[in-house]
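Engineer: The sequence isn't on hand, but the structure is:
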C-alpha cells in the first residue's frame, strides 16, 4: 500500500515525505523516494530504520545538506566506515555529537572525538566505554 502511494503520480511531495517517515515503509520504497531530492525527504530517508546500510553509506558520500547528514549521523544502521568519513569531513558540532552517540561509531572515531567540545567528548567517552564493556 505505501509503495503504491509513493509511486502514485497524483500524490504530492508532502504525502511522499509522510510515506518516507512511516515506520512500515520498505527499503525498496525508500530507494524509490530518493529521486525526490528535497531536504525533508532526504532527512526522512536518512533517519529511517529500514534504509539499508548501503544506501546510508551512499547518502553520506553524496549529501551536502546539514539536516540529512545529521540524520545519517544519528541512524544506528549507518555503517561505521561512513560515520568515520562523516566525522572527518564535518565541522558541525551537532553532527559530531550525533556521531559520538551513535552505537555504530568505531572506537577509533570515538577516540578522535575525545578532544572535541565538552559534551561531544563526554558522549564519545560514554559510547567508547559502553562498547568496551560489551567487548566490541
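Structural biologist: Sure thing, it's come through. Since we're looking at a predicted model, the values are computed, not measured. Numbering: from 1, shown residues only.

Engineer: From now on I want contacts and neighbour counts done on CA atoms only, so please keep to that.
Structural biologist: OK.

Engineer: list the buried ones in the helix ranked longest in the chain?
Structural biologist: In the chain, assigned by DSSP state H, the helix with the most residues is helix 118-134. Applying a neighbour-count criterion of 16 or more other Cα atoms under 10 Å, one finds 120, 121, 122, 123, 124, 125, 127, 128, 131 buried in helix 118-134.

Engineer: That one packs against which elements?
Structural biologist: Applying 3 or more Cα pairs under 8 Å, 6 or more residues apart in numbering; DSSP states H and E, one finds that helix 118-134 makes contact with helix 93-101, helix 107-112.

Engineer: relative to helix 93-101, how tilted is that helix?
Structural biologist: If you take axes from the mean of the first three to the mean of the last three Cα atoms, to 10 degrees, helix 118-134 sits at 20 degrees to helix 93-101.

Engineer: Residues touching helix 118-134, excluding its own?
Structural biologist: 93, 96-97, 100-103, 107, 110-111, 113-115 (Cα atoms under 8 Å, 6 or more residues apart in numbering).

Engineer: Any of the residues you listed buried? List them.
Structural biologist: Counted by 16+ other Cα under 10 Å, these give 96, 97, 100, 101, 102, 103, 107, 110, 113, 114 as buried.

Engineer: got the contact list for the residue nearest the centre of the chain?
Structural biologist: Against the mean C-alpha coordinate of the chain, by Cα atoms, centre = their mean, the closest residue is residue 72 at 1.5 Å. Contacts were defined as Cα under 8 Å, 6+ apart; by that measure residue 72 touches 43, 46, 47, 56, 59, 60, 78.

Engineer: Sitting in strands, which of the residues you listed do you find?
Structural biologist: When those are checked against strands using DSSP state E, none is located there.

Engineer: Top of those residues by number of neighbours, please.
Structural biologist: residue 46 (32 neighbours; other Cα atoms under 10 Å).

Engineer: SS state for residue 11?
Structural biologist: coil (DSSP: H, G, I helix; E, B strand; the rest coil).
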